[in-house]
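>>> Next input, structure requested:
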Amino acid sequence: MGREIKEECGVFGVYLKSEGDKTLVPRVLYTGLSQLQHRGQLSAGIAVLDPKSGVYRKRLSVLKKTGLVDELFEVNHNSKSEELFYDYRGIAGIGHVRYCTSGMANNEQFIINGTQPFERRHGRLWKRFAFCYNGNLANHRILRDRLIKKEGYHLDTTTDTEVIMHLISLNLKRAEDKSGENTKPEHFEINIDLMNQLDGSYSMIELFADGDLVVVRDPLGFKPLVWGENSDFYAIASESVALEKIGINRFYPVSPGSCMIFNRSGLREKQLVNSKRKARCHFEFDYFSKEGSVFDNRSIHLTRKKLGENLAEIEPLKNEVRANPEKYVVFPVPKTAIPAAEAFAEALKIKHSSAILKSDDKRGFINKGRARKRIMSNAYFVIPEEVEGKEVFIVDDSAVRGETIQQVVGPLRKAGAEKIHFRSTEPPIRHPCFYGIDFPTREELIASQYPPQEFEKKFAEIINVDSAIFQTLEGLVNATGFRKDELCLACLNGDYPTPGGMRLAKKATKCKSK
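Here you go, the predicted model:
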């Protein structure tokens, strides 16, 4: 099967409560997006609304660029960044950081074409908007084919972002045709129709040229999305750390299935779709979200500590460890595993250390092929004094492909580790994700290649460690503080929470069997 475009991204939005210094909008966008940089390092973009733009400036101005947020805002050139903050001043703005999993991720034009926000141009202001979102549609191809074959659309990209943009436009047109008048339809009406068509994960922000900023979160709440306010502005972000960085200390989750409308009249909110179950991505707790973030009122830091504690409870060597604690040491790999590693070590009453050091902050998981291998091959080095003669526990947040840990074992052996034990806070990942995480094919998942009862032994042999233990599904669910039916565990147990995901899983199984 060919690989579809799937994204794990970050979104951010801001709306001023009153006109003052309108350069505050791009400055806040810069700060907020910088805090979401870990969610996407391929490209970044913003769209800003200024109703009093005059003759020489557009009401909606879009800026997009490959690379990091600092490069988008040219912060290494102070005069240029200040000029940019002035040029992109406004009363509201949205922004996006992105990475894609497509094989064309090295093609710069392809990257720019898929970089958000997307802009829909129209002569009527309430039909002109910019749009960005975090997520992935499981029925992307069905919706795309419908737009092309039934509606006669020509699509410029292969992204589901463009599909959603056109669906919003179609809903605006249909609502106008239904009323029989050239009047602006209600955003709640437009988005409930949209949500009824979409299958998958989406946290989206729509910025309209007539002054409305609209926020929508899917009914199952796959991805985190929070909002808050201070005396100057409202703000929305994929993670709460981005709001705290701009001075908002009280924040709230956008309710799954709801729509929020921000404008000069304030805020309106309405629950559009209710779902009995939820499907929060468990991978947000374990890997993607920053440690200081909160996902639907659950602390990422506390969840990761609990993952470490639960891993210690099932540790088969705990009697030997407690009998001779000086012989053992715990190392986290990568940084996201630090809280879990500390909790694991504390539960077993042994030393934890940071003697395995990462040489840079580039995230190997979200890079492609050769680039990922090159990053990881130079990423780690070990302080021998912390390792020599010890039995080492490596606590990792997951083992998707098994590549990262293989880059660590060699240096540990060379530094004199007597034995190496691998421990994962995540259960084995056996199934593809169709909701936005970058492991869409079973062939990439090392756990899917072996029977469950044999996997830990086989994995230990493959990565050249003395033992390997993975978190249990029950231990993971317990650590999050949510019920099993409030999480998406599809990549672990194959239980996809939407019809589109189930359909794609069946198709993937058929393709593999041919």
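
>>> Next secondary structure after the helix or strand hosting residue 267?
Under the criterion of DSSP states H and E, residue 267 resides in strand 266-271. The element immediately downstream of strand 266-271 (helix or strand, assigned by DSSP H and E) is strand 280-281.

>>> List the contacts of the top helix by length along the chain.
Across the chain, the longest stretch assigned as helix under DSSP state H is helix 160-179. Among residues not part of helix 160-179, those counted as contacts by Cβ atoms under 8 Å, 6 or more residues apart in numbering are 5, 114, 116, 118, 120, 122, 126-127, 129, 131-133, 136-137, 140, 143-144, 147, 151, 153, 155-156, 182-183, 185-186, 189-191, 193-194, 197-198, 202, 204, 206. Quick note: C-beta positions are derived from backbone N, CA and C, even for glycine.

>>> The strand holding residue 267: which residues count as buried?
For strand 266-271, a neighbour-count test (16 or more other Cβ atoms under 10 Å) marks nothing as buried.

>>> okay, and the helix or strand of this protein with the least pLDDT?
helix 369-377 (a mean of 46; mean pLDDT, DSSP states H and E).

>>> what's the pLDDT at the most far-flung residue of the chain relative to its centre?
If you look at how far each residue of the chain sits from its centre, by Cα atoms, centre = their mean, the farthest one is residue 323, at 41.8 Å. According to the predicted model, the pLDDT of residue 323 comes to 95.

>>> Can you give me every residue that contacts the nearest residue to residue 291 once chain neighbours are set aside?
On the basis of Cβ to Cβ, 6 or more residues apart in numbering, the spatially nearest residue to residue 291 that is not a chain neighbour turns out to be residue 301, at 5.0 Å. Shown here is residue 301, whose contacts under the criterion Cβ under 8 Å, 6+ apart are 291, 292, 339.

>>> out of the residues you listed, which is most surrounded?
In terms of neighbour count, residue 339 stands highest of these at 24 neighbours, by other Cβ atoms under 10 Å.

>>> Over to that residue: give its phi and psi.
The phi/psi pair for residue 339 (degrees, to the nearest 10) reads phi -60, psi -40.

>>> Next, the nearest residue to it once chain neighbours are set aside: phi, psi?
Counting by Cβ to Cβ, 6+ apart, the nearest residue to residue 339 once its immediate chain neighbours are dropped is residue 304, at 3.9 Å. Comment: the main-chain dihedrals of residue 304 come out as phi -70, psi -30, following degrees, to the nearest 10.

>>> Residue 304: neighbour count?
Counted with other Cβ under 10 Å, the burial measure for residue 304 works out to 27 neighbours.

>>> And it, how close does it get to residue 160?
With the distance defined as Cβ to Cβ, to the nearest Å, residue 304 ends up 30 Å from residue 160.

>>> same check, this time on residue 198
Relative to residue 160, residue 198 is positioned 9 Å away (criterion: Cβ to Cβ).

>>> The stretch 251-400 of the chain: helices as residue ranges?
Per DSSP state H, counting those that start in this stretch, the stretch 251-400 of the chain has helices spanning 282-283, 300-313, 318-323, 338-348, 369-377. These are given in chain order.

>>> and those, which one is worst for confidence?
For the helices of the stretch 251-400 of the chain, mean pLDDT drops lowest on helix 369-377, to a mean of 46.

>>> that older thread, the strand holding residue 267: partners in the sheet, and parallel or antiparallel?
Each strand pairing with strand 266-271, determined using DSSP bridges, is listed with its direction: strand 258-263 (antiparallel).

>>> How confident was the prediction at residue 451?
Predicted confidence (pLDDT) for residue 451: 93.

>>> burial of it, as a residue count?
Burial of residue 451 is recorded as 7 neighbouring residues (other Cβ under 10 Å).

>>> Tell me the spacing between it and residue 428.
Residue 451 is 11 Å from residue 428, where distance means Cβ to Cβ.

>>> sec struct for the nearest residue to residue 456 once chain neighbours are set aside, please.
Of all residues beyond its chain neighbours, the one nearest residue 456 is residue 468 (4.8 Å), with distances taken as Cβ to Cβ, 6+ apart. Secondary structure for residue 468, judged by DSSP: H, G, I helix; E, B strand; the rest coil, is strand.

>>> Now tabulate the helices of the stretch 251-400 of the chain in a markdown table and tack on distance to residue 436.
Shown next, in a markdown table, are the helices of the stretch 251-400 of the chain (distance: least, Cβ to Cβ, whole Å):
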| stretch | distance to residue 436 |
| --- | --- |
| helix 282-283 | 9 |
| helix 300-313 | 17 |
| helix 318-323 | 36 |
| helix 338-348 | 23 |
| helix 369-377 | 18 |
